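*Asks:* need a 3D model of the following:
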Amino acid sequence: MTSLTGLFRAAPEEIPGNDKLVDLFRNRAELKKEFAVLRNEKYQLQDRVKHHESAAARVQQKMDHLESLLLDREWVHNVVAFYQLRRLAMHCNVKLARFAEQLKQQREQRIHSKTLGKWNAQRDEQAASLEREIGERRLKIQLLEDQLQVERHKLMTMNGIAKMFRGRRQAANIDKIAAQIDLGQAKEGELLLAVESIHNLVPPDHEGLDVAAKRTINFMILSFAQQLYLHFAENDLVALAKEASEKSVGAVNYGTKFECDELIERIEDRWDSMESVTDFADVLQQRAKLLSDHAKFRNDDDVVPAAGSVASAYAIDANGVVREKDANLLGENYFGIAKVLSR
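*Replies:* Model (predicted):
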């Protein structure tokens, strides 16, 4: 009896607040996730603020140091000389980078133009071949049309007896010629579409430079870097400029006001003489050939030579006489050459 009572007992009603409780816990979990994200963003922003504060402090320290040097009568002229040497280094870096970029663009355009010209020639030859075939088919169709007219005329001029015995065969011959004309015209339409598709072909993308081309470019870049180096080697200007680009102001003493003024004047004179010389293309080519003759590469696919194999600078005078000088421009990264070489 007890078991029967249990079977027919009403099921317990669901508590209306259960769904609200579940939603509450779900919202609480979502809020915790959003809070964690905001906390991480807060830590990241705090780190960025600290980084910017440190950078600003370093800049202020440099400004204070520079101000103290400018206020010092014995150092103020050295500061001017230092920044003029740094300016020389920057000018050389920019000049080399511009030369390298122009050289790469010219070589890429030349190769792309050659590739495009070959592709255009092949496309034109394909189109011309199809157009010749179209011309031949048109001539055949014209002949067939003339023959069709003749055969129709024969059929129309047949008398009754001839038409009775040969008319059916003549009509079949006419139908055969007409079918050949229709087939020829359909084929001509296909050929015309093929010609149109050939003319609408998209030119190939630029494939880039191969290993040989990149090596040639790099030898020219090295040659131009040596041109800059040798021009400013007088009075050791090139080494002083490199030193100024790597050290901070006040780290080098260039002497008295008179000595600093002389140094600045030498910089200006050498730069002006450099800008006035423009006909050294043959020298660059000759020097690049000497570099390539001595260059060694670690792997067959490398395009930048081993620094030690191109550690000689070649000075070439107007008579073609070559003088060799130790100068590892690539190894010591003169004028930022490592960044502008083709890779």
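*Asks:* going by C-alpha atoms from here, please, whenever you check contacts or count neighbours.
*Replies:* Noted.
*Asks:* what is the burial count for R73?
*Replies:* Look at R73: counted by other Cα atoms under 10 Å, it has 11 neighbours.
*Asks:* helix or strand: which one has it?
*Replies:* Under DSSP states H and E, no helix or strand contains R73.
*Asks:* cool, and E207?
*Replies:* Per DSSP H and E, there is no helix or strand for E207.
*Asks:* repeat for the one 10 residues further on
*Replies:* Take DSSP H and E as the rule and I217 turns out to sit in helix 211-231.
*Asks:* what does S342 give?
*Replies:* Using DSSP H and E, S342 falls outside every helix and strand.
*Asks:* below-threshold pLDDT in the chain: ranges please.
*Replies:* Low-confidence segments of the chain (pLDDT under 70): 1-18, 61, 65-67, 69-70, 162-163, 165.
*Asks:* any idea where the strands of the stretch 201-343 of the chain begin and end?
*Replies:* Using DSSP state E, counting those that start in this stretch, the strands of the stretch 201-343 of the chain run over 312-316, 322-326.
*Asks:* and those strands, which is most packed in?
*Replies:* Across the strands of the stretch 201-343 of the chain, averaging neighbours per residue (mean count of other Cα atoms under 10 Å) puts strand 312-316 on top, at a mean of 20.
*Asks:* before we move on, the earlier item: make CSV out of the strands of the stretch 201-343 of the chain and add distance to A179.
*Replies:* Below are these laid out as CSV (distance: least, Cα to Cα, whole Å):
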stretch, distance to A179
strand 312-316, 80
strand 322-326, 81
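*Asks:* out of those, nearest to V303?
*Replies:* Closest approach to V303 among the strands of the stretch 201-343 of the chain is made by strand 312-316 (18.5 Å; Cα to Cα).
*Asks:* so I181 is in contact with I141, correct?
*Replies:* Yes: between I181 and I141 there is a contact at 5.7 Å, judged by Cα atoms under 8 Å.
*Asks:* could you check the angle helix 211-231 makes with whichever strand or helix holds K140?
*Replies:* Per DSSP H and E: K140 is located in helix 76-157. Relative orientation of helix 76-157 versus helix 211-231 (axes from the mean of the first three to the mean of the last three Cα atoms, to 10 degrees): 150 degrees.
*Asks:* quick one: list the elements packing against the helix or strand just after helix 76-157.
*Replies:* Sequence-wise, the next helix or strand downstream of helix 76-157 (DSSP H and E) is helix 160-199. With contacts taken as 3 or more Cα pairs under 8 Å, 6 or more residues apart in numbering; DSSP states H and E, helix 160-199 sits against helix 76-157.
*Asks:* and the helix holding I217, what's buried?
*Replies:* 211, 213-231 (16 or more other Cα atoms under 10 Å).
*Asks:* which other residues reach that helix?
*Replies:* 92, 96, 99-100, 103-104, 107, 238, 270, 274, 284-285, 287-289, 291-292, 301-304, 313-315, 329-330, 334-335, 337, 341-343 (Cα atoms under 8 Å, 6 or more residues apart in numbering).
*Asks:* please name the nearest non-neighbouring residue to the spatially most central residue of the chain.
*Replies:* For the chain, the residue nearest the mean C-alpha position is G208 (8.1 Å; Cα atoms, centre = their mean). Nearest residue to G208, sequence neighbours excluded (Cα to Cα, 6 or more residues apart in numbering): E108, at 6.9 Å.
*Asks:* for K242, same thing?
*Replies:* Using Cα to Cα, 6+ apart and skipping residues adjacent in sequence, the residue nearest K242 is A89, 6.2 Å away.
*Asks:* hang on, that neighbour packs against A239?
*Replies:* No: assessed by Cα under 8 Å, A89 is found out of contact with A239, at 9.5 Å.
*Asks:* who has more neighbours, the two?
*Replies:* Between A89 and A239, A89 has the larger neighbour count (other Cα under 10 Å), namely 25 against 17.
*Asks:* please report how far the more buried one lies from N333.
*Replies:* 12 Å (Cα to Cα, to the nearest Å).
*Asks:* same question, M220
*Replies:* Counting by Cα to Cα - M220 and N333 are separated by 16 Å.
*Asks:* could you do V211 as well?
*Replies:* Going from V211 to N333 by Cα to Cα gives 22 Å.
*Asks:* need the contact list for L237.
*Replies:* L85, I267.
*Asks:* how about a cut-off of 10 Å?
*Replies:* Neighbour list for L237: L85, L88, A89, Y229, L230, H231, E243, L263, I264, R266, I267, R270 [criterion: Cα atoms under 10 Å, 6 or more residues apart in numbering].
*Asks:* now it: how far from Y254?
*Replies:* Distance from L237 to Y254, counting by Cα to Cα: 12 Å.
*Asks:* if we can go back for a sec, who touches both of A89 and A239?
*Replies:* Residues touching both A89 and A239 comprise S245, Y334, with contact defined as Cα under 10 Å, 6+ apart.
*Asks:* tell me how far stretch 214-224 is from the chain's mean position?
*Replies:* Distance, stretch centre to chain centre, for stretch 214-224: 18 Å (Cα atoms, centre = their mean, to the nearest Å).
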